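Trainee: kindly generate the corresponding structure for this input.
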Amino acid sequence: MRVALGLWLATWSIATAAPIPGGVPLRAILVGVNNYQSRQINPLTYAVADATALRDFLVAGDGAGVPADRITLLEDGASADLRPTRENLLHHLGSVAAATAKGETLLVYFAGHGVNRKGEDYLLPADADLRSETSLAASALAVSDLTTALLPAKARQVLFIVDACRDTAKSPGGIFGSALRIASTDGLDADRVRATFSAARPGQRAYEWPQVGHGVFTWFLLEGLRGAAVDDAGWVTVDSLARYVQREVNDWTRKALKGRESQLPWLLKDGVAPLALVRFQPARLVSVALDKTPLKQALQTMARQADCDLLLAPGVPEEAPLSLTLRGRPLSEALGLVLRPLNLAFEVQDRIVVVSPKVSEGGGVKATGLPDAVGGGPVGAVPLAVQRPLGQDQMPLVLIPGGRYQRGSTQARIEADLQLPGLGEVAEFLFFNELSNRAVEISSFYLDETEVTVGQYRAFVAAGGYRDPQWWGPDGWSWLQQAGVSAPAGWPAATTPADLPVAGVAWYEASAYAAWVGRRLPTEAEWEYVAQGGQGWRYSLGDRWDPVQLGIGPAAGSIKRHPANPLGCYDLTGNVAEWVTDVYENDFYQWGEAANPICVATVKVDVTEPRRVVRGGGFDADAVTARVRKRAALAPGERRLNTGFRCAADLRTVKGMP
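Mentor: Numbering: from 1, shown residues only. Next up, the predicted model:
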């Protein structure tokens with residue numbers, strides 16, 4: 001359901017330069033549905049305004065400059081052949097798809113209601129009928145129908161934008177968005193891309209913003225297209241657009257809803273090409289004349305010219321001399337020319353440049369003094385990240401350079417893990433929720449060096465953290481009142497060593513602490529990426545099962561008793577298991593995003609309190625449950641003495657810390 005909300009308004013600055021007209025050859029079909037014939041479907045207020053505003057931007061001379069005859073708009077007040085009925089939708093989808101040439105981009109945008117029935121997502125046209133499953137199937141537009149209609153398209157790029165993740169209150173069923181995906185590019189040319197960008201994740205609602213007269217998602221979508229999401233090369237791509245819209249919508253809902261609910265747009269993309277949408281003249285170009293200039297000094301100059309901060313990970317040869325002249329190059333292009341010959345990787349995120357050793361396809365870190373292959377046992381871990389700003393709680397924060405890793409376990413790895421010594425007969429079905437053949441991209445972020453300690457958590461308790469609802473959110477505060485607790489389970493006495501990891505905390509307590517210190521819990525994908533250590537290991541310190549080295553024993557011990565892993569974090573295996581932010585969905589590894597995946601709601605309709613993911617295995621783990629790929633889950637209010645947590649933070653959060 002799309003929900004109107006008028007609680008918060010702020011001003012954003014967007015790029016002042018106009019797009020370069022005709023930068024991307026594009027055809028589009030745009031659909032906005034406010035009013036439905038069925039009384040079972042609640043009317044919307046701004047869906048037509050959303051679709052119309054997108055059309056106006058695309059055709060405007062100071063917008064994308066697309067010829068008007070390449071844009072088809074279906075909305076409530078149009079002539080009969082352009083009203084958003086199912087028949088018209090299918091007809092125009094087929095016509096536009098057939099007319100799209102091989103080198104063009106096809107954009108399909110839908111603003112309206114969506115529902116899910118028996119695992120099938122449906123977009124609701126104006127004449128949708130929800131009285132029965134049969135009438136729904138006959139009158140709504142199934143995503144499978146959309147896929148079929150788009151199959152004839154020869155377009156190099158197809159983008160489906162859907163501001164419809166909003167089931168109607170009178171329409172119980174599945175969670176809209178759980179099956180949302182257009183045709184894959186499997187078997188197609190490498191430069192062909194198919195992507196779906198949705199207003200919210202499965203199980204979330206999309207909000208409307210009366211002050212601006214648009215849905216929140218589409219408002220920021222338009223801002224991004226107008227230049228707020230432009231990358232340093234002058235392009236708005238679907239990736240740069242998704243990053244901008246996700247960040248702004250998430251910030252908006254956090255401030256407007258004060259933690260009661262969230263809305264996080266969702267990008268599913270098949271294909272490796274960037275899917276360019278709008279082109280601008282690059283605003284900040286880099287010009288340098290380097291003559292045996294040390295690498296760090298050269299990078300500082302380039303970042304400063306582009307108005308960016310610079311973060312260097314260990315393994316970067318800071319004194320390597322450079323002799324090179326660059327004139328008027330976009331930052332990313334300039335960085336690539338400088339860093340690729342040195343086998344270094346970089347990321348530009350929120351005007352912060354992160355430079356790090358490149359990770360090979362097999363996961364090994366290729367840099368002097370660092371391990372470059374999966375080892376058979378623990379290493380004396382050379383930290384890959386030594387940037388150590390301190391959090392509000394004096395926790396050292398480890399810079400984790402972004403990268404790509406193999407998520408979960410392949411069938412071959414599972415078969416190998418079934419042979420672990422001393423386990424006897426282990427049922428293979430215990431591994432089913434980690435089965436995956438997918439590689440995942442993770443953006444750079446910060447992670448706590450260790451698990452949150454008793455001493456750090458003691459400060460939260462002493463500061464009245466259990467009496468202040470601002471840290472807890474509605475569900476957490478409700479749980480706290482019902483549970484009647486004022487400290488973790490088995491809370492230690494004042495004489496307990498402060499360097500033990502805190503344990504006996506529910507997910508609600510971990511999340512509240514993270515909010516109190518201005519950080520967040522890591523996502524499941526972030527946690528697994530760090531735990532594999534850039535090496536693809538079975539455990540956080542190697543492939544060999546060594547209980548003593550991994551912190552497995554009769555009880556949790558002090559932090560930093562064992563080596564850090566190659567990314568610089570301690571005790572990711574053993575000591576205490578760790579809460580992460582994700583809702584548990586057993587097959588999420590099969591359908592989650594390929595970049596920065598996060599599961600925020602279960603797609604199961606019979607679950608009232610979704611479980612939250614726990615990773616890492618505690619001090620009582622065995623050779624199977626201590627693996628970094630092992631997925632487990634608990635109710636968010638459950639407290640166990642072998643479970644604690646650590647926090648994470650975005651780059652811009654740490655940049656803004658005092």
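Trainee: in the stretch 351-500 of the chain, where is pLDDT below threshold?
Mentor: For the stretch 351-500 of the chain, applying pLDDT under 70 flags the ranges 359-387, 422-429.
Trainee: now do the strands in it.
Mentor: Along the stretch 351-500 of the chain, counting by DSSP state E, counting those that start in this stretch, strands occupy 352-359, 365-366, 397-400, 403-406, 439-442, 445-448.
Trainee: what strands line up against the last one, and which way round?
Mentor: Taking DSSP bridges as the criterion, strand 445-448 pairs within the sheet with strand 397-400 (antiparallel), strand 648-649 (antiparallel).
Trainee: show me what the shortest one is in contact with.
Mentor: Read that as strand 648-649. The set of residues external to strand 648-649 that reach it, using C-beta atoms under 8 Å, 6 or more residues apart in numbering, is 391, 397, 445-448, 518-523, 526. (C-beta placed from N, C-alpha, C; glycine too.)
Trainee: just read off the phi/psi values of residue 88.
Mentor: phi -70, psi -40 (degrees, to the nearest 10).
Trainee: same check, this time on the one 5 residues further on
Mentor: Dihedral angles phi and psi of residue 93 (degrees, to the nearest 10) take the values phi -60, psi -50.
Trainee: state the number of residues packed around it.
Mentor: As a burial measure, residue 93 scores 24 neighbours (other C-beta atoms under 10 Å).
Trainee: okay, it and residue 117: tell me how far apart.
Mentor: In this view, residue 93 and residue 117 are 21 Å apart by C-beta to C-beta, to the nearest Å.
Trainee: could the strands of the stretch 351-500 of the chain go into TSV alongside mean neighbour count and distance to residue 534?
Mentor: Written out in TSV, the entries for the strands of the stretch 351-500 of the chain read as follows (neighbours: other C-beta atoms under 10 Å; distance: least, C-beta to C-beta, whole Å):
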stretch	mean neighbour count	distance to residue 534
strand 352-359	23	6
strand 365-366	20	5
strand 397-400	26	10
strand 403-406	19	7
strand 439-442	18	11
strand 445-448	26	13
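Trainee: would you format those as TSV with distance to residue 159 included?
Mentor: Supplementary listing: the strands of the stretch 351-500 of the chain in TSV, determined by distance: least, C-beta to C-beta, whole Å:
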stretch	distance to residue 159
strand 352-359	27
strand 365-366	35
strand 397-400	30
strand 403-406	23
strand 439-442	19
strand 445-448	27
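Trainee: list the contacts of the residue nearest to residue 487 when sequence neighbours are not counted.
Mentor: Counting by C-beta to C-beta, 6 or more residues apart in numbering, residue 461 is the residue found nearest to residue 487 once chain neighbours are left out, at 5.3 Å. With C-beta under 8 Å, 6+ apart as the criterion, the residues that contact residue 461 are 486-487, 491.
Trainee: these in helices, which ones?
Mentor: The members of those all map outside helices under DSSP state H.
Trainee: which among those end up buried?
Mentor: A residue is treated as buried here by neighbour count (16 or more other C-beta atoms under 10 Å); on that basis the buried members of the contacts of residue 461 are 487, 491.
Trainee: tell me the one among the contacts of residue 461 nearest to residue 582.
Mentor: residue 487 (25.7 Å; C-beta to C-beta).
Trainee: and the nearest residue to residue 113 once chain neighbours are set aside, backbone torsions?
Mentor: Distances taken as C-beta to C-beta, 6+ apart place residue 124 nearest to residue 113, at 4.3 Å, with adjacent residues excluded. Taking degrees, to the nearest 10, you get phi -100, psi 110 for the backbone angles of residue 124.
Trainee: how much space separates residue 124 from residue 136?
Mentor: Looking at residue 124 against residue 136, where the rule is C-beta to C-beta, the gap reads 9 Å.
Trainee: now do the shared contacts for those two.
Mentor: Overlap between the neighbourhoods of residue 124 and residue 136 consists of residue 115, taking contacts as C-beta under 8 Å, 6+ apart.
Trainee: who's more crowded, the two?
Mentor: Applying other C-beta under 10 Å to residue 124 and residue 136 shows that residue 124 carries more neighbours, namely 29 against 20.
Trainee: do you know the pLDDT at the more buried one?
Mentor: If you check residue 124, the pLDDT there is 93.
Trainee: now do the contacts for residue 593.
Mentor: With the criterion set at C-beta under 8 Å, 6+ apart, residue 593 makes contact with 266-269, 440.
Trainee: same check on residue 506?
Mentor: Contacts of residue 506 (C-beta under 8 Å, 6+ apart): 479, 483, 636-639.
Trainee: tell me which helix or strand of this structure sits lowest on mean pLDDT?
Mentor: Across the helices and strands of the chain, the lowest-confidence element by mean pLDDT, DSSP states H and E is strand 365-366, at a mean of 40.
Trainee: thought residue 552 was touching residue 571?
Mentor: No: in this structure residue 552 lies outside contact range of residue 571 using C-beta atoms under 8 Å: 10.8 Å.
Trainee: A helix includes residue 544, no?
Mentor: No: with DSSP: H, G, I helix; E, B strand; the rest coil as the criterion, residue 544 is coil rather than part of a helix.
Trainee: give me the neighbour count for it.
Mentor: 14.
Trainee: got it, and residue 494?
Mentor: Neighbour count for residue 494, taken as other C-beta under 10 Å: 6.
Trainee: and residue 432, how far is that from residue 546?
Mentor: Between residue 432 and residue 546 the distance is 27 Å, computed by C-beta to C-beta.
Trainee: now do the helices in the stretch 401-550 of the chain.
Mentor: Listed in chain order, the helices found in the stretch 401-550 of the chain under DSSP state H, counting those that start in this stretch are 411-417, 454-462, 473-483, 507-516, 524-531.
Trainee: residue 274: which of the ones you listed is closest?
Mentor: Using C-beta to C-beta as the measure, helix 524-531 is the one of those that comes nearest residue 274, at 21.5 Å.
Trainee: what's next to the closest one, contact-wise?
Mentor: Applying C-beta under 8 Å, 6+ apart, the external contacts of helix 524-531 come out as 400, 403, 405, 407-408, 440, 442, 445, 447, 522, 540, 565, 567, 569, 572-573, 578, 580-582, 592, 596-599, 613, 615-616, 628-629, 631, 648.
Trainee: quick one: low-confidence ranges for the stretch 101-250 of the chain?
Mentor: Applying pLDDT under 70 to the predicted model, the residue ranges of the stretch 101-250 of the chain that meet it are 165-191.
Trainee: which stretches of it form strands?
Mentor: With DSSP E, counting those that start in this stretch applied, the stretch 101-250 of the chain shows strands at 105-111, 113-117, 120-124, 141-142, 157-163, 193-198, 206-209, 214-215, 235-237, listed in chain order.
Trainee: which among those is found nearest to residue 248?
Mentor: Closest of the strands of the stretch 101-250 of the chain to residue 248 is strand 206-209, at 11.6 Å (criterion: C-beta to C-beta).
Trainee: can you list the strands that that closest one pairs with?
Mentor: If you go by DSSP bridges, strand 206-209 pairs up with strand 2-4 (parallel), strand 214-215 (antiparallel).
Trainee: are we agreed that residue 61 is in a strand?
Mentor: No: if the criterion is three-state DSSP, then residue 61 is coil and not within a strand.
Trainee: gap between it and residue 282?
Mentor: From residue 61 over to residue 282 the distance is 21 Å, taken as C-beta to C-beta.
Trainee: the more surrounded of the two?
Mentor: For residue 61 and residue 282, the more surrounded residue by other C-beta under 10 Å is residue 282, and the numbers stand at 21 against 9.
Trainee: tell me the contacts of that one?
Mentor: Under the criterion of C-beta under 8 Å, 6+ apart, the neighbours of residue 282 are 232-234, 330.
Trainee: where exactly do the helices run in the stretch 151-300 of the chain?
Mentor: For the stretch 151-300 of the chain, the helices defined by DSSP H, counting those that start in this stretch occupy 216-223, 238-257, 295-305.
Trainee: convert stretch 473-487 to CSV, retaining C-alpha atoms only.
Mentor: C-alpha atoms of stretch 473-487 as CSV (Å, rounded to 0.1, in the frame of the first residue of the first chain):
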residue,chain,number,x,y,z
GLY,A,473,12.0,1.5,17.5
PRO,A,474,8.3,0.5,18.0
ASP,A,475,8.8,-3.3,17.9
GLY,A,476,11.9,-3.1,20.1
TRP,A,477,10.3,-0.8,22.7
SER,A,478,7.2,-3.0,22.8
TRP,A,479,9.4,-6.1,23.4
LEU,A,480,11.3,-4.3,26.1
GLN,A,481,8.1,-3.3,28.0
GLN,A,482,6.7,-6.8,27.8
ALA,A,483,10.0,-8.5,28.7
GLY,A,484,10.6,-6.1,31.6
VAL,A,485,14.4,-6.3,31.3
SER,A,486,16.9,-3.6,32.1
ALA,A,487,20.2,-5.4,31.1
